[in-house]
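K.L.:
I would like to see how this sequence folds:
(one chain, ligands or ions: 2)
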Amino acid sequence: MAGIGDNGNGGAVGQENINPDIVTLTRFLTEEQVKVPEATGDFTLLCHALQFSFKSIAYFIRRASLINLTGLAGSSNTTGDDQKKLDVIGNDIFISAMKSSSKCRILVSEEEEEAIIFDEHPSARYAVVCDPIDGSSNLDAGVSVGTIFGIFKLPDDILGPGKSVKAEDVLLPGTEMVASGFTMYGASAQLVITMKGGGVNGFTLENSLGEFILTHPNMQLPPKRAIYSVNEGNSMYWDEWTNAYFDSLKRPGEGMKPYSARYIGSMVADAYRTLLYGGIFAYPADSKSPKGKLRILYECAPMAMLFENAGGIAVNSRMERLLSVQPEHIHDRSGVFLGSKDEVQKIIDTYNKYKK
Ligand code: AHM
Ligand code: MG
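P.N.:
Ligands and ions are numbered 1, 2, ... in the order given. Okay, here's the model as predicted:
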């Protein structure tokens, strides 16, 4: 893919071929909006607010060690995790961006016990769910972290002046999302986004321009790859079938090569690698966390939508399609297996064998 200062053919220093036809996220969103004649532009404006929050979070993460933003904030969030200073800042940036967009009616954040209802915008049509900084236990070590988000469109009959919405209005299965994605803050900031019924597109933040540039159009998950990504330290808590599945990858039998293990411990970074290279990412439910660790609404469902739209599969620990799972509470958790079609099929087959 040709970059900003490159036509894809290389070229000597000083003879750079400048590509003037750059697809920024802003341009991409405008072009998508034009394809839908009845679009009002509200979704595009909401996404502009989202991309500003990603750029701001990326900026603060890059500068964290320099401006005393590492370490704990001295509080814990709704699920009992210690909050890092950047968790708090990321959450505040997100809330402010969603509020000021005037297009967000309900915001669910991992860092907020209750859903935030923006009554000042009674006609705003969207509900946004997010984990502002996922993997934040990795932050101080400079390991990649990310923001995960999902967007739901609310039904018209609950919107408008004089009407009220409740947190329960966002307890929807992932199939109801109109868009989802994540931004990974790593060596560069990578934003991956998908829309209902659409493809998956990846953008890289170009810091000088301050723009996300389309660098990974139409991402397709390889159908198989011998890589597994799981916290194996939990294996003593796993079910028999979960252990049997991972053992079969490590000891595949005479003459066959075992799988490679890759586990960063940041879902966004592990998922991004899996999207690019293929393989499987898992956080199974186990006897220590019978409901799983990762949150359905703002971690599992957005990732499941991305993986399905890129040609992969995403299921929970009962092998149900993750996108069909309806949470009962905004912070509900689930076991998760997502990745290449053939790899996830192997765990489904193992489960069925053991559960029969
Ligand atoms: P967080 O939302 O508190 O950051 O926790 C979610 C993270 C995921 O990014 C990652 O996949 C998982 O927790 C790692 O958990 P563990 O340390 O148990 O392997
Ligand atoms: Mg998280």
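K.L.:
List the beta-bridge partners for Leu294.
P.N.:
Beta-bridge partners for Leu294, by DSSP bridges, are Ser334.
K.L.:
how close does it sit to Ala304?
P.N.:
Separation of Leu294 from Ala304 (C-beta to C-beta, to the nearest Å): 11 Å. From N, CA and C alone the C-beta is placed, and that goes for glycine too.
K.L.:
Neighbour count: those two, which is higher?
P.N.:
Ala304 (29 against 21; other C-beta atoms under 10 Å).
K.L.:
from memory that one sits against Ala314, does it?
P.N.:
Yes. If you go by C-beta atoms under 8 Å, Ala304 and Ala314 touch, sitting 3.5 Å apart.
K.L.:
who touches both of Leu294 and Ala304?
P.N.:
Common contacts of Leu294 and Ala304, defined by C-beta atoms under 8 Å, 6 or more residues apart in numbering, comprise Val336.
K.L.:
Which neighbours do Ala304 and Ala314 have in common?
P.N.:
If you check Ala304 and Ala314 against C-beta under 8 Å, 6+ apart, the residues they both contact are Arg321, Leu322, Leu323, Val336, Leu338.
K.L.:
measure the first one to ligand 1 for me?
P.N.:
Read it as Arg321. The gap separating Arg321 from ligand 1 is 20 Å, by C-beta to the nearest ligand atom, to the nearest Å.
K.L.:
now swap in the third one and tell me
P.N.:
Distance of Leu323 to ligand 1, given as C-beta to the nearest ligand atom: 19 Å.
K.L.:
Can you tell me the closest non-neighbouring residue to that residue?
P.N.:
Gly174 (3.8 Å; C-beta to C-beta, 6 or more residues apart in numbering).
K.L.:
Can you check the pLDDT for that neighbour?
P.N.:
According to the prediction, Gly174 has pLDDT 98.
K.L.:
Please apply the same query to Asp21.
P.N.:
88.
K.L.:
And for it, the neighbour number?
P.N.:
Count around Asp21 with other C-beta under 10 Å applied: 7.
K.L.:
ok, now Leu338?
P.N.:
Other residues within reach of Leu338 by the criterion other C-beta under 10 Å amount to 29.
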